[in-house]
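Engineer: kindly generate the corresponding structure for this input.
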Amino acid sequence: MKYQNAKFLLPPGLFRQLQRYIQGGYLYVPAPEKERKRWGELSGYREELERRNRQIASEAQAGASLDMLAQKYFLSVSAIRKIVYRLGK
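Structural biologist: Model (predicted):
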């Protein structure tokens, strides 16, 4: 996210109004609720993790041990257990 100078971005009246509330600070303007993306959606990482987690659950259902899956995927046994119980049901 890059910063933009409000003086050059906003109409003069709106700029002066905004100066009454904040001067020299940063103001975050969030996207409208309908346009917001969840974590990892833009980069595709969310889908990548979901794919990995489905694979983990599938391997566990096929008989792989939690310890073996933890070593294979570089996760804790606790994390593997959560994935398996969430997706395995």
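
Engineer: now do the contacts for residue 26.
Structural biologist: Listed by C-beta atoms under 8 Å, 6 or more residues apart in numbering, the contact set of residue 26 reads residue 3. Backbone N, C-alpha and C define where each C-beta goes, glycine included.

Engineer: gap between it and residue 11?
Structural biologist: Going from residue 26 to residue 11 by C-beta to C-beta, to the nearest Å gives 20 Å.

Engineer: report the contact partners of residue 73.
Structural biologist: Neighbouring residues of residue 73 by C-beta under 8 Å, 6+ apart: 52, 56, 80.

Engineer: for those, pick the one with the most neighbours.
Structural biologist: Of all the contacts of residue 73, residue 80 has the most neighbours under the rule other C-beta atoms under 10 Å, reaching 25 neighbours.

Engineer: need phi/psi at that one.
Structural biologist: phi -60, psi -40 (degrees, to the nearest 10).

Engineer: that one contacts residue 72, correct?
Structural biologist: No - using C-beta atoms under 8 Å, residue 80 is not in contact with residue 72; the gap is 9.3 Å.

Engineer: got TSV for the contacts of residue 73, with pLDDT too?
Structural biologist: Below are those laid out as TSV (pLDDT from 0 to 100):
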residue	pLDDT
52	96
56	97
80	97
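
Engineer: between these, which sits nearest residue 68?
Structural biologist: Closest to residue 68 out of the contacts of residue 73 is residue 80 (9.3 Å), distances taken as C-beta to C-beta.

Engineer: with that, I have no additional questions.
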